[in-house]
Structure formats: structure tokens, C-alpha cells
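*Asks:* Structure for the following, please:
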Amino acid sequence: MIPDKAFYINKNDINSGLFFLNKAESHHIIKVVKLQLGDVITLLDGQGSGYFATIEKFESNCVFGIIDKKIENLGENKSNINIAPAILKKNRFEILLEKVTELGVKEIHPIIMDRSVKKTINMDRCNQIIISAAKQCRRSFFPILHQPKKLLPLLQNKKYCNFFAGNLETDQYLNEFDLTKDHPYYIIIGPEGGFTKPETELMISKDVVQFSLGNRRLRSETATIAALSILNRLR
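*Replies:* I've put the predicted structure just below:
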């Protein structure tokens with residue numbers, strides 16, 4: 001049984017089967033959720049390792065304890081799925097970040113599209129949302145958030161990856177492709193107004209596979225969630 005509460009730990013703060021938490025995480029344990037000595041918790045290092053641990057001591061406003069068990073790739077998919085969403089308005093982009101973290105993406109590449117309403121994001125705030133969502137769903141790997149970029153630099157990586165782009169105009173559905181978990185996948189989702197003609201032509205020239213999610217026009221964050229839900233069958 002996985003312990004109910006999960007907290008971030010720097011892997012350097014684990015030594016010889018013992019751990020201590022930083023003051024921010026310790027404050028959450030002591031003052032917010034008010035756990036007690038002997039309580040069992042989940043620790044996540046953000047790099048792919050999870051731990052079940054027991055609280056042994058409160059000292060100098062820090063939590064100390066014993067590592068009971070280490071679990072590699074706790075809460076992780078076997079597939080390597082990454083997303084490249086257009087930058088959206090703040091509240092909707094933050095919802096997207098939370099949900100894609102819960103759905104298991106490895107990397108997030110915000111794209112500055114021709115029709116993007118916003119061109120920048122608050123990296124610190126976005127990373128905090130990602131960490132919070134990862135702890136909530138007990139993911140041991142925290143998705144990597146990259147600095148916003150244009151579409152072309154993203155596609156220069158295509159030699160080693162499989163790129164797909166959501167496009168209402170195509171009649172080929174994402175779940176119809178023969179997909180395996182053996183290769184990284186990148187899912188490109190456009191802004192509310194869709195891709196411009198030059199963007200579509202660029203993706204076609206780079207052999208980006210176009211896919212449809214149905215005959216309804218979905219919001220960008222909804223389309224992202226729908227695509228990831230389909231790809232999660234690669235687990």
C-alpha cells in the first residue's frame with residue numbers, strides 16, 4: 001500500500017538509510033498536515049526514485065526518519081511521451097501543466113506559435129505547479145519544463161523522435177497508428193486558432209504526422225489531455 005502523503009526530497013539528503021527533509025517540506029508535514037512520529041510517508045526525488053519512509057524525529061524544524069523501501073520509477077509510465085503545446089492564457093496553461101504531469105509526460109516544450117496569445121511563461125511558477133502535481137499523484141520523476149521556443153528549433157530534434165500534431169482537418173485518428181513504447185513521442189498541440197498555413201507546411205516538410213481527435217473543435221488543453229490519454233495505453 002502506498003502511503004497517503006508524498007513529499008519532495010533531494011536525493012543528497014538520503015544517507016545510509018536515513019533521511020531529512022528541507023524546511024519547506026518539513027513545515028508542510030509539521031504545521032499543515034500535522035503528521036506524527038511513526039507515520040509512514042512517500043518521498044519523491046524528482047529524478048525517478050520513490051521511497052517509503054517512516055518519520056522518526058522532529059528537530060530544528062526539520063523532519064528526520066528512516067528509509068523503509070526504495071522504488072525505482074514509482075508512478076511512471078514505461079513509454080516516453082513529451083508534449084509541445086502552444087503557450088496559452090495563464091490559467092489555462094497552468095491547468096494543462098497540472099494535467100499533463102498527472103498523465104505522465106517526461107518533457108514539456110512550450111511553443112511560441114504564430115497565433116499564440118502569450119509569448120512567455122513564468123518558469124518558476126510553472127515548475128512549482130509541476131512539482132505540486134507530481135507530488136499529488138506520486139510521480140517519482142518531475143517533468144522537465146523547457147524554455148519557450150519557436151516551432152522550427154523543436155523539429156530539428158526529429159531525427160531521433162516521433163512527432164505528431166493535432167489537426168482537425170485530417171481524417172487519421174491517433175488511436176489508429178501502430179504505436180509502441182520503444183521510441184520517444186512528441187505531441188504538438190496548437191493554440192485556439194489552430195496552426196497557420198506556414199506552420200502546417202513546416203510540419204509537413206519535416207514529416208510530422210497529423211492526427212485527429214474527432215470532429216469536435218477542442219480547446220488546446222482538452223486536446224492535449226485527450227491525446228495523452230490515448231498514448232497512455234503504451235504503458
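
*Asks:* doesn't residue 130 fall inside a strand?
*Replies:* No - counting by DSSP: H, G, I helix; E, B strand; the rest coil, residue 130 is not part of a strand but helix.

*Asks:* number of nearby residues for it?
*Replies:* Per other Cβ atoms under 10 Å, the neighbour tally for residue 130 reads 23. For the C-beta atoms, the positions are set from N, CA and C on the backbone; glycine is no exception.

*Asks:* Once you drop chain neighbours, what's closest to the residue most central in space within the chain?
*Replies:* Nearest to the geometric centre of the chain sits residue 101, at 3.0 Å (Cα atoms, centre = their mean). Setting aside the residues directly before and after it, residue 101 is nearest to residue 133 in space (Cβ to Cβ, 6 or more residues apart in numbering), at 3.9 Å.

*Asks:* Can you name the next helix or strand after the helix or strand hosting the one you found?
*Replies:* For residue 133, the host element (DSSP states H and E) is helix 123-137. Using DSSP H and E, the helix or strand that follows helix 123-137 in sequence is strand 144-145.

*Asks:* How about residues contacting the very next helix or strand once past that following strand?
*Replies:* With elements assigned by DSSP H and E, the helix or strand that comes after strand 144-145 is helix 151-155. Outside of helix 151-155, the residues within contact range by Cβ atoms under 8 Å, 6 or more residues apart in numbering are 84, 109, 111-113, 163, 186, 188, 199, 202-203, 206, 208.

*Asks:* for stretch 167-185, same thing?
*Replies:* By Cβ under 8 Å, 6+ apart, the residues outside stretch 167-185 that reach it are 77-82, 106, 160-164, 194-195, 200, 209-215, 217, 227, 230-231, 233-235.

*Asks:* Got a quick ChimeraX command for the buried subset of those residues?
*Replies:* Command for ChimeraX that selects the buried part of those, burial taken from 16 or more other Cβ atoms under 10 Å:
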select :77,79,80,81,82,106,162,163,164,194,195,200,209,210,211,213,227,230,231,234
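
*Asks:* what's the distance between the residue nearest to the centre of the chain and residue 120?
*Replies:* Distance, residue 101 to residue 120, using Cβ to Cβ, to the nearest Å: 20 Å.

*Asks:* What of residue 19?
*Replies:* Taking Cβ to Cβ, one finds residue 19 at 37 Å from residue 120.

*Asks:* which of the two has more neighbours?
*Replies:* Legend: neighbour count by other Cβ under 10 Å for residue 19 and residue 120, higher for residue 19 (23 against 11).
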